[in-house]
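Student: Here is a sequence with its predicted model. Questions after.
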Amino acid sequence: MDQSGAVAISADIERISKERTTIFAKERTDAGLSDQDRQRLKAIERELDEAYDALRRERAVHTARRFDHESNLLRGRIPHPFRP
């Protein structure tokens with residue numbers, strides 16, 4: 001997995017989640033959310049969905065590469081580092 005990509009995505013998720021928490025806290029203290037807050041909340045939910053989807057894709061690519069490497073190792077195409 002491209003660690004910088006996964007780290008950046010995780011940082012985005014953290015940032016967006018904090019904003020969502022702030023809006024939810026505002027909802028509890030006020031008489032409710034404004035139309036602007038509701039629209040932002042919808043956008044946040046969409047951004048979170050997209051970020052988690054991107055993170056899943058990053059992990060899938062990493063896993064596919066790992067299994068491809070392990071498959072070649074098991075088939076003897078790559079010399080095993082511990083095998084004489």
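Tutor: Now that the structure is in, tell me what you want to look at.
Student: Please point out which parts of the lowest-mean-pLDDT helix or strand in the chain sit buried.
Tutor: In the chain, no helix or strand scores lower on mean pLDDT, DSSP states H and E than helix 35-74, which sits at a mean of 86. Within helix 35-74, the residues scored as buried using 16 or more other C-beta atoms under 10 Å are 37, 41, 44, 47-48, 51, 54-55, 58. C-beta: built from backbone N, CA, C; applies to glycine.
Student: One more: stretch 6-23?
Tutor: Going by neighbour count (16+ other C-beta under 10 Å), the buried part of stretch 6-23 is 9, 12-13, 16, 19-20.
Student: In strands only, show me the residues you listed.
Tutor: Cross-referencing the buried residues of stretch 6-23 against strands under DSSP state E gives no overlap.
Student: Please tabulate these in TSV, including the columns distance to K26 and pLDDT.
Tutor: Shown next, in TSV, are the buried residues of stretch 6-23 (distance: C-beta to C-beta, whole Å; pLDDT from 0 to 100):
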residue	distance to K26	pLDDT
I9	26	93
D12	21	95
I13	20	96
I16	16	97
E19	11	95
R20	11	95
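Student: For T63, state which of those residues is nearest.
Tutor: Comparing those against T63 with C-beta to C-beta picks out I9 as the nearest, at 15.7 Å.
Student: Could you verify my assumption that that closest one touches R59?
Tutor: No. Using C-beta atoms under 8 Å, I9 is not in contact with R59, being 9.9 Å away.
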